[in-house]
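Chemist: Model the structure of this input:
(2 chains)
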Amino acid sequence: MPSVIRQRLWAALLVVASIVWASPVSAEEPVGTLGTVGSDTMAGLMLRWGERLARQHPGMRLQLQASGSASAPPALTAGTTLVGPMSRPMAEDEKAMFERRYGYPPRALVVARDALVVVVHRHNPLRSLSRPDLDAIFSDGRRCGAGDSIERWSSLIEGGIEGRIAPHGRNAVSGTHELFRREALCDGAFRPEVSEHPGSAAVVAAVASDPRAIGYAGLNHLTPGVHPVALRDADGALHRPEPAAVRRGDYPFARDLRLYVNLPPGESLPGGERAFVDLVLSPEGQSIVEELGFVALPREVLERQRRRLGLEALDS
Amino acid sequence: MQHTPSSPPLRRHFRQTRDRLATALITAGGIGVIAAVMAIGVFLAVEVVPLFWSSTDTPRINLETLWLPQDYEGHRTPVHRWQPAMPEEGGESRFGMLPLVWGTLEAAAWALVIAVPLALGAAAHSALFMSRRLRARLKPTLELMEAMPGVVVGFVAGLVLAPWLDVHLALGMTLLIILPPGLLLAGGLWARLGAGLRRRLPMGWAALWLLPWLLLLWGLSSWLAPLLEAWWFDGDLRAWLEVSLGLDYANRNAIIVGMAMGFAVMPSIYALAEDALSGVPKSLVEGAEALGATRWQTLWKVVLPAAGPGVLSAVMIGAGRAVGETMIVLMASGNTALMTASPLDGLRSMAASIAIELPEAAPGGTHYRLLLLAALLLFVFTFCVNTLAEVVRSRLRRRYHRMGGAS
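Modeler: Below you'll find the model as predicted:
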């Protein structure tokens, strides 16, 4: 479980994204340290964006504290940071806390998309699952309409695999766990038999080592040891977890990754933050998104957000 | 304190001041530590109390919802469930703490089942039978085991032991059946060795005799395992377990946690028990031997009764550590908040829950306070167990002192 250690490190350490000291810069060049606090799912993304930012603007560096999405709203409210990456939308009470202090809500920018994938061992013949079946495997209450919970492979597919289904997932309160619970379990609760792992990579590793296992993880954590499972609609249409489908919005278990910024209405971002957002919402920034296994945003979404922030339009 | 009259008053004054200063510092340090421990307890208690005050809120917390089975959606009978982190808009939160307490105690119990016989056996052997040279090597080695970080032990258990046992389940079972009687038999054979061999391998080094046997038994087991599986279990032990005994073999289970944590607590149990056993006044041992008792009789009739409380406190310290151990359980257990007696099921301990969930729980929220309640329970438990063990040990020390003084 090297990912555990990695995740702990993410969470515990201040990661200095890049340290490139300023060579003499012109007056308009943004200079200084941009501090961000938030999601650890997005830590890798922020890190790479920070590196690219430092290459574009040698006077800038990004400081990243990746201790979970829940840490972003308090930091934004307290004013310790102007940019908070979050892998889930901000909750109402978190927004209210911010508004009470500043009088306006934080601005949300969608910067990338992520999807959850149901995975099985690579030797497992299962290739698709209906939504009620998925719910019956993972949930305690079966809110999506399945009759009974499914505990054995034999009641799911004919032949090829025997024995009890061993479900794996993320730990409670993680954004991934929450998204899967909301979307796949119809807001129900997980069965207590679902093993909880402290990282998506750990889930994938556990599934890869057990032919009877099934689990869910972020799209960017897929390895050759596991096989993604497509989702079957009521009318038999298959939804494969492919980047194109996620971008179109066809794949159901998708989520937006956001940056929340403290931006008073009518004002524009200060230099450092502006340069960073400009990079993130550019084709260059989105290519980093794809490199890391997330799903890049469609061009029109980028354009719309850039217009709203008063950034110059993308040249095509 | 009498000072030599020749020492100049200035130097004496300096020395007295220094002594006083040192005393004051040490006292302050001691009081500081005690205050810090108390402060932790008070902090936890203060943070937990509001749970029960604000019982008018929607997630209702009281002793009943915490400790008794509840009626939840999708269940016909009341059950225990730990799912505390439901958001307000969807789903009901479930606060049954009992699965966590159960998991904690189950993990600790299995750790003790594995560690206590080995640690006490090793302690008795090294205190009474082992040659001084071997003991001088063995003791530091075992104590070094204690310095092994829990993360490393958990990592090995979760990523090496668990997958290995998953594949070689039959071999594991065979080893479990064959090793203990096999090794006992080997010990018996040693007693029947010819006098010539006995002279070359004296009592103190008898432990080395077991090493080749261990290898031999391992080889025998791996040869026997597939045959046993084919004869008795229709070629698939796992299916047999499920069908005949209704046991579901989870990849990460209580036995693996017990083995890993047993490994972790064994050194501390061993060290304390060994101290207690070898601290038994020599006069008692010599007296027993002078009266014609064999070493075995001395151990059972004299040393063990005299050192009993010390051995007990060693086991208690081990239990305290097992209950509080976090990383091993976190990485080796699968973290499933189940309440089953089956050692082949996963479990979830309080310490592991705190480690996983606290960083993301909103401070001041119900979930946060529940986790602190778990912390408070852990604190109270380990505090009581350790205090009790320490009281027992200091009693024992006084007893040894009296015995030693009487001779």
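
Chemist: so how far is the helix or strand that contains residue B:379 off the chain centroid?
Modeler: Here residue B:379, judged by DSSP states H and E, is contained in helix B:366-406. Offset of helix B:366-406 from its chain centre (CA atoms, centre = their mean, to the nearest Å): 14 Å.

Chemist: Repeat that for stretch A:224-241.
Modeler: On CA atoms, centre = their mean, the centre of stretch A:224-241 falls 20 Å from the chain's centre.

Chemist: just stretch B:234-251 next, same as before
Modeler: Counting by CA atoms, centre = their mean, stretch B:234-251 comes out at 29 Å from the chain centroid.

Chemist: Excluding chain neighbours, give the residue nearest to residue A:45 in space.
Modeler: residue A:292 (5.8 Å; CB to CB, 6 or more residues apart in numbering or on different chains). Backbone N, C-alpha and C define where each C-beta goes, glycine included.

Chemist: Tell me, what's the model's pLDDT at that neighbour?
Modeler: Residue A:292 is assigned 90 on the pLDDT scale.

Chemist: Count the neighbours of it for me.
Modeler: 13 (other CB atoms under 10 Å in any protein chain shown).

Chemist: Over to it: give its phi and psi.
Modeler: Taking degrees, to the nearest 10, you get phi -90, psi 10 for the backbone angles of residue A:292.

Chemist: tell me the secondary structure for the residue in the stretch 1-150 of chain A positioned nearest to chain B?
Modeler: Sorted by distance to chain B under CB to the nearest CB, the residues of the stretch 1-150 of chain A start with residue A:141, at 3.1 Å. Put simply, residue A:141 is coil when judged by DSSP: H, G, I helix; E, B strand; the rest coil.

Chemist: what are the ranges of the strands in chain A?
Modeler: For chain A, strands defined by DSSP state E occupy the ranges A:15-16, A:32-37, A:60-65, A:83-86, A:107-121, A:128-130, A:166-170, A:195-197, A:213-218, A:226-232, A:238-239, A:254-261.

Chemist: any idea how far residue A:71 is from residue B:61?
Modeler: Per CB to CB, to the nearest Å, residue A:71 is found 25 Å from residue B:61.

Chemist: got it, and residue A:215?
Modeler: Taken as CB to CB, the span from residue A:215 to residue B:61 is 32 Å.

Chemist: higher neighbour count, those two?
Modeler: residue A:215 (29 against 21).

Chemist: what residues are up against that one?
Modeler: Residues near residue A:215 by CB atoms under 8 Å, 6 or more residues apart in numbering or on different chains: A:118, A:119, A:120, A:167, A:168, A:169, A:203, A:204, A:206, A:207, A:226.

Chemist: re earlier: just to check, the residue of the stretch 1-150 of chain A closest to chain B is in contact with residue B:71?
Modeler: No. Residue A:141 is not in contact with residue B:71 according to CB atoms under 8 Å; the separation is 11.8 Å.

Chemist: Between the two, tell me which one has more neighbours.
Modeler: Ranked by neighbour count (other CB under 10 Å), residue A:141 and residue B:71 place residue A:141 first, with 20 against 9.

Chemist: And the lowest mean pLDDT element among the helices and strands of the chain?
Modeler: Since no chain was named, I'll use chain A. strand A:15-16 (a mean of 39; mean pLDDT, DSSP states H and E).

Chemist: Chain B was what I was after
Modeler: Taking mean pLDDT, DSSP H and E as the measure, chain B has helix B:195-200 as its least confident helix or strand, at a mean of 69.

Chemist: And residue B:13, what's its pLDDT?
Modeler: So residue B:13 comes in at 90 (pLDDT).

Chemist: For it, give its distance to residue B:322.
Modeler: 53 Å.

Chemist: Residue ranges in the chain under the pLDDT threshold?
Modeler: No chain in the question, so chain A it is. For chain A, applying pLDDT under 70 flags the ranges A:1-28, A:173, A:316.

Chemist: ah, I was thinking of chain B
Modeler: Looking at chain B by pLDDT under 70, you get B:1-7, B:54-60, B:74, B:85-92, B:194-198, B:201-204, B:206-207, B:404-407.

Chemist: Apply 80 and report the result again.
Modeler: B:1-8, B:51-66, B:70-79, B:83-94, B:131, B:187, B:190-210, B:233-251, B:359-365, B:403-407 (pLDDT under 80).

Chemist: any chance you could map the strands in it?
Modeler: Under DSSP E, chain B gives strands at B:82-83, B:94-95.

Chemist: Which one of these lies nearest to residue B:370?
Modeler: Nearest of the strands of chain B to residue B:370, taken as CB to CB: strand B:94-95 at 6.1 Å.

Chemist: Neighbouring strands of the closest one in the sheet, and parallel or not?
Modeler: Sheet pairing of strand B:94-95 (DSSP bridges) gives strand B:82-83 (antiparallel).

Chemist: Nearest residue to residue B:220 in space, ignoring adjacent ones along the chain?
Modeler: Spatial nearest neighbour of residue B:220, excluding adjacent residues (CB to CB, 6+ apart): residue B:178 at 6.6 Å.

Chemist: How many neighbouring residues does the one you found have?
Modeler: By other CB under 10 Å, 17 other residues sit near residue B:178.
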